[in-house]
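> sequence? don't have it. structure:
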Ligand code: H2B
C-alpha cells in the first residue's frame with residue numbers, strides 16, 4: 001500500500017501543538033502513558049490495537065505494569081507521516097476513555 005510523504009520538521013512541530021505529552025525524538029513521535037494498573041494499561045493497548053489494524057498502521061510500543069511507552073513512525077517512509085499523527089490522536093482519544 002502506498003504511504004503518505006514524510007512531514008517536514010516545521011509541520012511536525014505545528015501538529016505536535018495539538019498533542020499534549022507527545023514529542024519528536026529521533027525519527028518518531030513518542031509518549032509515555034501511565035495508567036492506574038496493568039488491566040487499564042492493557043485495555044488501552046487492546047483498544048489501540050484494533051484501531052491500528054483498521055488504519056493498517058501500527059505502533060512500536062512496550063508495556064511495564066501500568067506504563068505504556070510508544071514510538072510512532074512510518075517504517076515504509078523512514079520517519080513521521082500523517083499516519084503517525086492519526087494514530088497519536090486515536091491514542092489520545094482512547095486514553096481518555098481509560099482515565
Ligand atoms: N506500521 C507502521 N508504523 N509503519 C509502516 O510502514 C507500516 C505499518 N506498514 N503497518 C504497513 C503495516 C505495511 O507493512 C502493510 C503491508 O501495509
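On my side now, so go ahead. The model shown is predicted, which means the values in this text are computed figures rather than measured ones.
> Apart from its neighbours in sequence, what residue is nearest residue 76?
Of all residues not flanking residue 76 in the chain, residue 3 sits nearest, at 4.6 Å (Cβ to Cβ, 6 or more residues apart in numbering). Just so you know, the C-beta spots here come from the backbone N, C-alpha and C atoms, and that holds for glycine as well.
> so that neighbour makes contact with residue 78?
No - taking contacts as Cβ atoms under 8 Å, residue 3 lies outside contact range of residue 78: 9.8 Å.
> secondary structure class for the residue at minimal distance from the centre of the chain?
The chain has residue 88 as the residue nearest its centroid, 3.7 Å off, counting by Cα atoms, centre = their mean. With DSSP: H, G, I helix; E, B strand; the rest coil as the basis, residue 88 sits in helix.
> Confidence-wise, which helix or strand of the protein is lowest on average?
helix 82-98 (a mean of 93; mean pLDDT, DSSP states H and E).
> quick check, it touching the ligand?
No - Helix 82-98 is not in contact with the ligand by Cβ under 6 Å from any ligand atom; minimum separation 7.1 Å.
> which bits of the protein sit near the ligand?
Counting by Cβ under 6 Å from any ligand atom, the chain comes close to the ligand at 1, 56, 57, 58, 74, 75, 76.
> Any stretches of this protein with poor pLDDT?
1-2, 98-99 (pLDDT under 70).
> Would you map the strands across it?
For the chain, the strands defined by DSSP state E occupy 23-25, 28-34, 60-64, 67-72.
> got CSV for those, with mean neighbour count and distance to residue 49 too?
Below are those laid out as CSV (neighbours: other Cβ atoms under 10 Å; distance: least, Cβ to Cβ, whole Å):
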stretch, mean neighbour count, distance to residue 49
strand 23-25, 13, 23
strand 28-34, 17, 14
strand 60-64, 13, 10
strand 67-72, 18, 11
